[in-house]
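> predicted model and sequence follow; I will ask about them next.
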Amino acid sequence: MNIATVNLTHMGLVRVTGADSTAFLQAQMTQAIASLSPNKVTLAGYCTAKGRQLASFIVIRHEDAYLMLTHRGLIEPLIKRLRMFVLRSKVVLENVSNQYQINFLQARPGEAMTKSVLDDGSLHISLRALPGQSDPCALQLNPQAESPDADSADGHGTPADNAFSVALIKLGIPMVTPSTWEEFVPQQINFDLIGGVSFDKGCYPGQEVVARSHYLGKSKKRSVIGLIDVGAPVAEKSDIWLEGKDNEPVGQVVNAAMDGGQCLVLFECPVDIALQSESKLSVDSNGQKIPLQRIQLPPYDIQAKGNQYA
């Protein structure tokens, strides 16, 4: 398979092992980790008691461990927080970011990546095809490879980091970063729509808040995609403004990355505003309101309830 491979510096890995690791993660994550089969992959979140998302993970169950990919800048505070709840459980949490080389892959036309995990010593994690394209994109974890001890606080440290961020935004997959730690509930960033939340698994931190929003009505805020004519990525958490409503912003930027000379953003705002074609929105960047040139929906229904992103 002929694949373009680029090394990521802003993603890292938490390894969770021990006899009680499955039960521990089942009680902490938004996803039903206990249902994850060996060599399979899922999205999962970690929330505060108030339902604010602290992290978004890509979780791989591999051999006797769980490998959890997330933004590298979050790993140490996440491990510190999670260890508070280990108590007497047989669970070990480790930052193994420098024990793996994490690559972003893009196959050439006509080449499919059909397996999530292969048996060549590396792990291949499929992220689904990009909207309107047949080419899959994926991540590859190479164990024991020399990995740079690098951390991009904003997630755009290298061209590879930026390309991966663009791919996630186009897929409508949010990545919680140090800038958005504890900022959004899962529904605001569509995490429940893309397989990141189980509503049948039982308790986890913030479960009552997340479930209440799910069962009592549709979410008032969702995330959509926008394009801004600027030469550098706008900051995450930048305010989104609606023309004619100057008293307060209507939303915030979740993720941003450069795409073809313009800034691509995933941002949250009220659903009714996102669905109105006449809505004129702008982003506050360093005190200047820059118009959103184009607004589009992610490749799934933001008005749905629960996971429908196959």
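Received it, and whenever you're ready, just let me know what you need. Residues are numbered from 1 along each chain as shown.
> the residue nearest the centre of the chain is in what secondary structure piece?
Compute the mean C-alpha point of the chain, and by C-alpha atoms, centre = their mean the closest residue is M175, 2.8 Å away. Assigning secondary structure by DSSP states H and E places M175 outside every helix and strand.
> same check, this time on E76
In the assignment (DSSP H and E), E76 maps to helix 75-83.
> now do the buried residues in the following helix or strand past that helix.
From helix 75-83 onward toward the C-terminus, using DSSP H and E, the following helix or strand is strand 92-95. Within strand 92-95, the residues that qualify as buried are L93, counting by 16 or more other C-beta atoms under 10 Å. C-beta coordinates here come from the backbone N, C-alpha and C atoms, glycine included.
> i'd like the first residue to be 818 from this point on
Will do, 818 is the new start, and the previous item becomes strand 909-912.
> show me what strand 909-912 is packed against.
Applying 3 or more C-beta pairs under 8 Å, 6 or more residues apart in numbering; DSSP states H and E, one finds that strand 909-912 makes contact with strand 828-834, helix 892-900.
> so for it, what's the average pLDDT?
Confidence for strand 909-912, expressed as mean pLDDT, is 98.
> kindly export it (C-alpha atoms) in PDB.
What follows is strand 909-912, C-alpha atoms only, in PDB (Å, rounded to 0.1, in the frame of the first residue of the first chain):
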ATOM      1  CA  VAL A 909      -1.500   1.800  36.000                       C
ATOM      2  CA  LEU A 910      -1.600   5.000  34.000                       C
ATOM      3  CA  GLU A 911       1.500   5.900  32.000                       C
ATOM      4  CA  ASN A 912       2.500   8.600  29.600                       C
END
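> ok so, going back, send the alpha carbons of the helix holding E893 over as CSV?
Only the C-alpha atoms of helix 892-900 are listed here, as CSV (Å, rounded to 0.1, in the frame of the first residue of the first chain):
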residue,chain,number,x,y,z
ILE,A,892,-1.7,14.1,29.1
GLU,A,893,0.1,15.0,32.3
PRO,A,894,-2.9,16.8,33.9
LEU,A,895,-5.2,14.0,32.8
ILE,A,896,-3.0,11.3,34.3
LYS,A,897,-2.8,13.3,37.6
ARG,A,898,-6.5,13.7,37.7
LEU,A,899,-7.4,10.1,36.8
ARG,A,900,-4.9,8.7,39.4
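> on that earlier part again, pick the most buried one from the helices and strands packed on strand 909-912.
For these, the largest average neighbour count (mean count of other C-beta atoms under 10 Å) is found in strand 828-834, namely a mean of 22.
> what is the neighbour count of P1087?
Burial of P1087, expressed as a neighbour count using other C-beta atoms under 10 Å, amounts to 16.
> meant to ask about I942
Here the number of neighbours of I942 (other C-beta under 10 Å) works out to 20.
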